[in-house]
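# Below are the sequence and a predicted model; questions follow.
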Amino acid sequence: MKEQLANIEREALEAITSAKNPAALEELRVRYLGKKGELTAVLKQMGKLSAEERPAMGALANEVRSVLEETIELTSQKLAAAALDLKMKAETLDVTIPGEEAALGHKHPMYIALDEIKDIFVGMGFTVLDGPEVELASYNFDKLNAEEGHPSRDWSDTFYFDADSRVMLRSQTSPMQVRAMESMPLPIRIVAPGRVYRKDEVDATHSPMFHQVEGMVIDRNVTMADLKGTLNLLAEQLFGAGTVTRFRPHHFPFTEPSCEMDVQCHKCGGAGCPTCKGEGWIEILGAGMIHPNVLRMSGIDPEVWSGWAFGMGLERTAMRRFKISDLRLIFENDVRFLEQF
């Protein structure tokens, strides 16, 4: 038995120290030290020895087991260190190699224009308001002096949620003017940007979903001159000094008198082209002095207070600002178009 233990120790040490990987080392541990291993098989023969021989053979067997276990542990550590070294070499990072530049996004041209508009009005003391896109018809129409039967309330123009035509996708951000008059102390200077919805056919200057910016001032002794001066300043701030504008008489149920403001077409310089439909001008906004009925419905005395309001299409403003010829480009998300800005 002593010779068997010596042979097992010699063969096992040679095999263990030559193991190439942790899996092979584990196989050797099971082969020699497992429940059915070679060393275990020898120990099972201890019963055949005399009482005098057993202590000596037991001590020798334990010594062999201890040597093998220690060698297995050392070999395992060496294999782990070698594996880590190989991994570190394989994953070495050469910091001198130029990195790949990360592609960064930027603001959409429409939101560049919106931020510029907000900055202009905030600089003039206006407060920026936000409101619901799903609106009550009472705020979108009734309290803005657009009574039942007005063409803008027709199902062919407006997206309603109910058969009674009381809940809708707002067709303008003007409801925020009413909400401001009902909740804010006088005087009021607000600007309200947001998405709006109308049943328009898609073309170079129209979309069923677009963005508006509404503005309103209510104070004592406000006149049409204040409105025109503010809007001309807005046009020059957005499009540059010397921007050509024109004001045309118009009719809106919520303003009296009313007007529309156009800017000269950026594409043709006023000569006429498909972008401006041959007119040489692009309508930017509608405006006017707030109708006395609108003031009264919000609890404001029109004999004491007066005001003006406007509503402008943000997409058309961005088109004029960046010389974009077709509104559809703004919504198509073509990277080749957007990366120009």
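Thanks, I have the structure now.
# Show me which helix runs longest in the chain.
Among the elements of type helix in the chain, defined by DSSP state H, the one spanning the most residues is helix 54-90.
# Now that helix: buried residues?
Applying a neighbour-count criterion of 16 or more other Cβ atoms under 10 Å, one finds 57, 61, 64, 65, 68, 71, 72, 75, 76, 79 buried in helix 54-90. All C-beta atoms are positioned from the backbone trio N, CA, C, and that covers glycine.
# Give me the next element, helix or strand, following it.
If you walk from helix 54-90 toward the C-terminus, the next helix or strand you reach (DSSP states H and E) is helix 109-123.
# Which SSE is immediately downstream of that following helix?
In the C-terminal direction, the helix or strand that comes right after helix 109-123 (DSSP H and E) is strand 127-128.
# and residue 289, that one's in a strand?
Yes. Note on residue 289: a strand contains this position according to DSSP: H, G, I helix; E, B strand; the rest coil.
# Run the angle between the helix or strand encompassing residue 217 and helix 109-123 for me.
Element membership of residue 217 [criterion: DSSP H and E] is strand 209-219. For the pair strand 209-219 and helix 109-123, the angle between their directions (axes from the mean of the first three to the mean of the last three Cα atoms, to 10 degrees) equals 10 degrees.
# please begin residue numbering at 210 from this point
Sounds good: first residue 210 from here, last item strand 418-428.
# re the thing from before, can you add distance to residue 451 and give the buried residues of helix 263-299 back as a markdown table?
As requested, the buried residues of helix 263-299 are exported to a markdown table (distance: Cβ to Cβ, whole Å):
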| residue | distance to residue 451 |
| --- | --- |
| 266 | 111 |
| 270 | 105 |
| 273 | 101 |
| 274 | 98 |
| 277 | 95 |
| 280 | 91 |
| 281 | 89 |
| 284 | 86 |
| 285 | 82 |
| 288 | 80 |
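# what is the mean pLDDT for the longest helix of the chain?
Model confidence over helix 263-299 averages 82 on the pLDDT scale.
# How is this protein divided into domains?
When the chain is parsed into structural domains using automatic domain parsing, the resulting residue ranges are 211-299, 318-547.
# quick one: which of those has the weakest pLDDT on average?
Mean pLDDT is lowest for domain 211-299 among the domains of the chain, at a mean of 78.
# any idea which helix or strand carries the closest residue to residue 451 other than its chain neighbours?
In space, residue 451 comes closest to residue 445 once its chain neighbours are excluded; the distance is 7.5 Å by Cβ to Cβ, 6 or more residues apart in numbering. Taking DSSP H and E as the criterion, the element that holds residue 445 is helix 433-448.
# Could you report the distance from residue 531 to residue 448?
Going from residue 531 to residue 448 by Cβ to Cβ, to the nearest Å gives 10 Å.
# Those two: who's more crowded?
In terms of neighbours (other Cβ atoms under 10 Å), residue 448 is the more surrounded of residue 531 and residue 448; the figures are 19 against 15.
# Backbone dihedrals for residue 307, please?
Backbone dihedrals for residue 307, given as degrees, to the nearest 10, come out at phi -60, psi 130.
# Run the chain-centre distance for the helix holding residue 445.
Taking Cα atoms, centre = their mean, to the nearest Å, the mean C-alpha location of helix 433-448 is offset from the chain mean by 32 Å.
# any idea of the angle it forms with helix 318-332?
With the same axes, to 10 degrees applied, the angle from helix 433-448 to helix 318-332 works out at 140 degrees.
# Would you mark the buried spots in the next helix or strand after helix 433-448?
Where DSSP H and E defines the elements, the next helix or strand beyond helix 433-448 is strand 454-461. For strand 454-461, the neighbour count (16+ other Cβ under 10 Å) marks 454, 461 as buried.
# and if you look at stretch 539-547?
Buried residues in stretch 539-547, counting neighbours by 16+ other Cβ under 10 Å, are found at 539, 547.
# Can I get that stretch as PDB, trimmed to CA atoms?
Written as PDB, here are the backbone C-alpha positions of stretch 539-547 (Å, rounded to 0.1, in the frame of the first residue of the first chain):
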ATOM      1  CA  ILE A 539     -40.300  69.900 -41.400                       C
ATOM      2  CA  PHE A 540     -42.300  66.800 -40.500                       C
ATOM      3  CA  GLU A 541     -40.700  64.100 -42.600                       C
ATOM      4  CA  ASN A 542     -37.600  63.700 -40.300                       C
ATOM      5  CA  ASP A 543     -35.200  63.300 -43.200                       C
ATOM      6  CA  VAL A 544     -31.800  63.400 -41.600                       C
ATOM      7  CA  ARG A 545     -30.300  64.900 -44.800                       C
ATOM      8  CA  PHE A 546     -32.600  67.800 -44.400                       C
ATOM      9  CA  LEU A 547     -32.400  68.200 -40.600                       C
END
